[in-house]
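**Student:** Kindly generate the corresponding structure for this input.
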Amino acid sequence: MAFARAALEGVGLSPRLSPAVADILVEGDLLGHDTHGLALLPAYLASAKAGNMALEGEPRVLNERPVTALWDGGKLPGPWLVRSGLDLAMDKAEEFGSYTLSIRDSHHTAGLVSYLKPAVDRGLVALLMVSDPTERCVAPFGGRQPVLSTNPFAIGYPTPEGAVLLDMSTSVTTNGMVNRLYKQKQPFAHDWLIDAEGRPSRDPAVRFAEPPGAIMPLGGLASGHKGTGLGMTVEALTHGLSGNGRHVVKPQGWVNNVFLQVLDPSGFGGLESFVAETGYLGDAIRNCLPVEVAGPALRVPGERALRLRAERLAQGVPLSDAVLGGLCEWAETLGLAMPVAR
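**Tutor:** I've put the predicted structure just below:
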């Protein structure tokens, strides 16, 4: 984290903001979401250096009621904005039972799962949604042109064993994975893309063709109407509530609109009852017979991520050669020493 913070400050990001950005990126790698960890740092540094990320400032409050608010993020770093908003939302939810925040015009927010644990550790439920109104990369069900964003959403809530942490896009794959496989010249294992002629494809190059192909919605060819409906909902709650949607915003680099909501179970049926229910369902899933008799036991979302987090805090975070190469280039540019490998 120290290297990421030093690099961010090396391109001018305020020392007040840099710790949150560095921490969220490292948290992504700790949890195993390596397309949304330090792999993003070179792009963040380039964006900051080019003047596309605000280096200091505060969000403007555009609308506010006791349990809702709308902020204008002014291109401030997404990790700092979302973490600041989440801190406010947790305090407000503990007072009022729930709190909802909309943030418009944030810079990129990194991986949503990286924000959830602090809320869950306080016995709260946190829900996050993000979309980019300038991005078109996902085809609607039955279509062959990119219309929607990948529209991720995440939710975290407490259980007796710790937490459920769910982070998923409403498309069958992400832009990060498309870009990674394209650079590696590797295909997807399944037909998760569709080319401009409407043919299913495993080749990430179809996204870079002219005209471009698209990522399929969650559910793919068989039931992509579900992913399309979910994607539209994410855009309604991010672009619609923020008033910063596709009919207003013109392409201008990274633009993220955020929907953030925190619930306090003690304002409803109580934390004890909530955790008893989430624990009961979690046990039922783990005890369900696997498809293959000798197959691995079932798990609930977040178990693997939290196990990886504990292991990587103790042993270090593995980084691919591609990620290390990008970090080394910036280390040389900024005159920084690379962290020593364990």
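**Student:** Which parts of this protein are strands?
**Tutor:** Shown for the chain, the strands assigned by DSSP state E span residues 60-65, 68-72, 98-106, 125-131, 153-159, 162-168, 193-194, 200-201, 214-215, 256-263.
**Student:** quick one: which of those strands is nearest D283?
**Tutor:** strand 153-159 (9.4 Å; CB to CB). No exception for glycine: its C-beta is placed from N, CA and C like everyone else's.
**Student:** still on that earlier bit, tell me the most buried of the strands of the chain?
**Tutor:** Comparing those by mean neighbour count (mean count of other CB atoms under 10 Å), strand 214-215 comes out on top with a mean of 26.
**Student:** how distant is it from the center of its chain?
**Tutor:** From the chain centre to the centre of strand 214-215 is a distance of 19 Å (CA atoms, centre = their mean, to the nearest Å).
**Student:** go on, stretch 330-342?
**Tutor:** Put simply, stretch 330-342 sits 26 Å off its chain's centre (CA atoms, centre = their mean).
**Student:** quick one: buried residues of that stretch?
**Tutor:** Across stretch 330-342, burial judged by 16 or more other CB atoms under 10 Å covers 330-331, 336, 339.
**Student:** what is the mean pLDDT for it?
**Tutor:** Averaged across stretch 330-342, pLDDT comes to 88.
**Student:** Okay, helices next: where are they in the stretch 1-150 of the chain?
**Tutor:** 2-10, 18-30, 41-49, 78-96, 116-121 (DSSP state H, counting those that start in this stretch).
**Student:** Over to the stretch 201-342 of the chain?
**Tutor:** Going by DSSP H, counting those that start in this stretch, the stretch 201-342 of the chain shows helices at 220-235, 241-242, 271-286, 303-315, 321-334.
**Student:** ok, S266 - contacts?
**Tutor:** The contact partners of S266, by CB atoms under 8 Å, 6 or more residues apart in numbering, come to 94, 97, 123.
**Student:** Pick out whichever of the residues you listed sits closest to V113.
**Tutor:** Nearest to V113 among the contacts of S266, with distances taken as CB to CB, is G123, at 18.4 Å.
**Student:** Touching, the closest one and P158? I think so.
**Tutor:** Yes - if you go by CB atoms under 8 Å, G123 and P158 touch, sitting 5.4 Å apart.
**Student:** hmm, back to that, which one of the helices of the stretch 201-342 of the chain is the most hemmed in?
**Tutor:** Among the helices of the stretch 201-342 of the chain, helix 241-242 has the highest mean neighbour count (mean count of other CB under 10 Å), at a mean of 22.
**Student:** What are the contacting residues of that helix?
**Tutor:** Contacts of helix 241-242 with the rest of the structure, by CB under 8 Å, 6+ apart, involve 70, 102-104, 257-259.
**Student:** could you redo the helices of the stretch 1-150 of the chain as TSV and give each row mean neighbour count, distance to E58 and mean pLDDT?
**Tutor:** Formatted as TSV, the helices of the stretch 1-150 of the chain follow (neighbours: other CB atoms under 10 Å; distance: least, CB to CB, whole Å; pLDDT from 0 to 100):
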stretch	mean neighbour count	distance to E58	mean pLDDT
helix 2-10	20	18	97
helix 18-30	23	14	98
helix 41-49	20	17	97
helix 78-96	21	9	98
helix 116-121	20	21	98
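**Student:** got CSV for those helices, with distance to W192 too?
**Tutor:** What follows is those, written out as CSV (distance: least, CB to CB, whole Å):
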stretch, distance to W192
helix 2-10, 31
helix 18-30, 22
helix 41-49, 23
helix 78-96, 26
helix 116-121, 26
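**Student:** Let me know which of the ones you listed is the nearest to E197.
**Tutor:** E197 lies closest to helix 41-49 among these, at 30.9 Å (CB to CB).
**Student:** Quick check: neighbours shared by G123 and P158?
**Tutor:** Common neighbours of G123 and P158 (criterion: CB under 8 Å, 6+ apart): L271.
**Student:** if we can go back for a sec, can I get the strands of the chain in CSV including mean pLDDT and distance to K183?
**Tutor:** What follows is the strands of the chain, written out as CSV (pLDDT from 0 to 100; distance: least, CB to CB, whole Å):
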stretch, mean pLDDT, distance to K183
strand 60-65, 98, 38
strand 68-72, 98, 35
strand 98-106, 98, 26
strand 125-131, 98, 24
strand 153-159, 98, 26
strand 162-168, 96, 23
strand 193-194, 98, 16
strand 200-201, 97, 17
strand 214-215, 98, 16
strand 256-263, 98, 23
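**Student:** and these as JSON lines, adding distance to A322?
**Tutor:** Shown next, in JSON lines, are those (distance: least, CB to CB, whole Å):
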{"stretch": "strand 60-65", "distance to A322": "38"}
{"stretch": "strand 68-72", "distance to A322": "35"}
{"stretch": "strand 98-106", "distance to A322": "26"}
{"stretch": "strand 125-131", "distance to A322": "24"}
{"stretch": "strand 153-159", "distance to A322": "25"}
{"stretch": "strand 162-168", "distance to A322": "22"}
{"stretch": "strand 193-194", "distance to A322": "21"}
{"stretch": "strand 200-201", "distance to A322": "23"}
{"stretch": "strand 214-215", "distance to A322": "21"}
{"stretch": "strand 256-263", "distance to A322": "24"}
